[in-house]
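**Q** Pasting the sequence and the predicted model now:
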Amino acid sequence: MSDLLERLRERGWRLTAQRRVVAEVLDGDHVHLTADEVHARAVSRLPEISRATVYNTLGEMVTLGEVMEVATDGRAKRYDPNAHHAHQHLICSGCGAIRDVHPLGDPVAELPADQRFGFTVWGAEVTYRGLCPNCQ
Ligand SMILES: [Zn+2]
Ligand SMILES: [Zn+2]
């Protein structure tokens, strides 16, 4: 059983066949699929699954905090099952390929106190940009 499925099950989420397929499609390392990509892959396993079901299921997983939304400028939002391990993203400006990366140091800790403006800060998203080997 995959990690995402396991986490959803631990949360007591009712795993219908449709939800299970969406979770299976999303599971793995460096997975950052758009909702349409999730739907296309889900259909190959469960032909009757509708786009609306996929969208709703993704939304529920995000609400549960088990899947993260990754905004990539100018491109469709992507869904990332790696929600429990702090990581940043390296994005190819050519093809949009995304890798999970772990910079040295904690970007939250690196924000100086005089730039916190009284906020309690708990998160940071850093996007590294470049060209992947295929696009160079
Ligand atoms: Zn590329
Ligand atoms: Zn990621």
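**A** Perfect, thanks for sending it. Ligands and ions are numbered 1, 2, ... in the order given.

**Q** all contacts plus neighbour counts: C-alpha atoms, from now on.
**A** Noted.

**Q** so how far is stretch 38-55 off the chain centroid?
**A** Distance, stretch centre to chain centre, for stretch 38-55: 18 Å (Cα atoms, centre = their mean, to the nearest Å).

**Q** ends of it, how far apart?
**A** The first and final residues of stretch 38-55 sit 9 Å from each other (Cα to Cα, to the nearest Å).

**Q** Contacts made by that stretch with the rest, please.
**A** Identification of contacts with stretch 38-55 by Cα atoms under 8 Å, 6 or more residues apart in numbering yields 18-19, 21-22, 25-26, 35-36.

**Q** swap the cut-off to 7 Å and go again
**A** 18, 21-22, 25, 35 (Cα atoms under 7 Å, 6 or more residues apart in numbering).

**Q** So for it, what gets flagged as buried?
**A** Going by neighbour count (16 or more other Cα atoms under 10 Å), the buried part of stretch 38-55 is 38-43, 49, 51, 54.
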